[in-house]
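Participant: Dropping a prediction and its sequence here:
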Amino acid sequence: MGAASGGPFTAAVVTGAGSGLGQALVLELAERGVDVVAADIDGDRLAETKDRAEAAGLLGTVHPWVCDVRDREQIVELADGSEELLGPVDLLVNNAGIGIGGRDVGQWQDRDWVQALDVNLLGVVHGCEVFLPRMRAHRRGYVINVASAAGLIGPAGMAPYNVSKAAVVALTETTVQELAGSGVEVSVLCPGFFPTRVVEDGVREGRIDPAEARTARALMDFSRHQASDIARIALDGAERGNLYIIPHQEVRLLWLLKRLMPTTYVRTLVPLTWGRARQMAARSAAAAERST
């Protein structure tokens, strides 16, 4: 199944499109012949996305749009402008997000929570609140909300990030019920680690502890998936109408165990699994530093 009406996507908006998964989604959509408005807060990174699309000679056209998803009025302008450029939008990917991690609850400041929730949650909320009524009016459309494996698994040391992404999962589960019979559908994408700029951005902006960043980079290096793989899996999942799109097999397994044995999962399995992953990543990062 494609968009809710059964046809392929033709006009898409992707937020956080300047790098990483957002850029990969734009390129994958354009390769499939979809015209895309690529939105991001960073105009220079948007120019890179557009340049890559043009250099590849993709079928779809990419229109860059500078936008801050924290500001609902800017999302209204994005929706209006996208309709002027493309006509009715039949796919919205709420992808913009930031990374934050490296402390325990009790060590975070209010500003840390506000940063995470403003971008990772309210950015998605704004996209849904603005675009869904327009899609309902056309009785056609699809929304992919980008959450994270962290929103399903909840590993320690990442509370603001986990909470923001878990809320995106809950928002999607609520919305899919409210959209029944409307011709509009929604999915939530929950990837695990894969290489992006999110860690470097987080370290530079003081949201991610450098020691935690080394672990995260190593886990990214271990991943079998690149951003282009996640983008392809996400769009294929949306075309099938999957509510939950979880690209990483290990994340699907952990999520199953959480549902089967929730208390054991939280108290034992996640600390054990996450602890071992961190140890392996730390050893890998230390070996890489010694070799340089």
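Facilitator: Yep, that arrived.

Participant: In stretch 88-97, which residues are buried?
Facilitator: Buried residues in stretch 88-97, counted by 16 or more other C-beta atoms under 10 Å: 89, 90, 91, 92, 93, 94, 95, 96, 97. C-beta: built from backbone N, CA, C; applies to glycine.

Participant: What is the most widely separated pair among those residues?
Facilitator: Spatial extent of those (C-beta to C-beta) is set by the pair 90 and 97 at 22.7 Å.

Participant: picking that back up, out of the buried residues of stretch 88-97, list just those in strands.
Facilitator: 91, 92, 93, 94 (DSSP state E).

Participant: Just name the closest of those to residue 187, please.
Facilitator: Using C-beta to C-beta, residue 93 comes nearest to residue 187 of these, at 9.7 Å.

Participant: Next one: that closest one from residue 180, what distance?
Facilitator: Separation of residue 93 from residue 180 (C-beta to C-beta, to the nearest Å) stands at 22 Å.

Participant: Please apply the same query to residue 102.
Facilitator: According to C-beta to C-beta, residue 102 stands 41 Å off from residue 180.

Participant: Give me the more crowded residue out of these two.
Facilitator: The residue with more neighbours, out of residue 102 and residue 180, is residue 102; 20 against 8, by other C-beta atoms under 10 Å.

Participant: What does the pLDDT read for that one?
Facilitator: We have a pLDDT of 86 for residue 102.

Participant: Surely it touches residue 157?
Facilitator: Yes. Taking contacts as C-beta atoms under 8 Å, residue 102 lies within contact range of residue 157: 6.1 Å.

Participant: ok but residue 38 is inside a strand, no?
Facilitator: Yes. The assignment for residue 38 is a strand, going by DSSP: H, G, I helix; E, B strand; the rest coil.

Participant: what's the neighbour count on the closest residue to it other than its chain neighbours?
Facilitator: Nearest residue to residue 38 in three dimensions, chain neighbours excluded: residue 17, at 3.6 Å (C-beta to C-beta, 6 or more residues apart in numbering). Counted with other C-beta under 10 Å, residues neighbouring residue 17 total 32.
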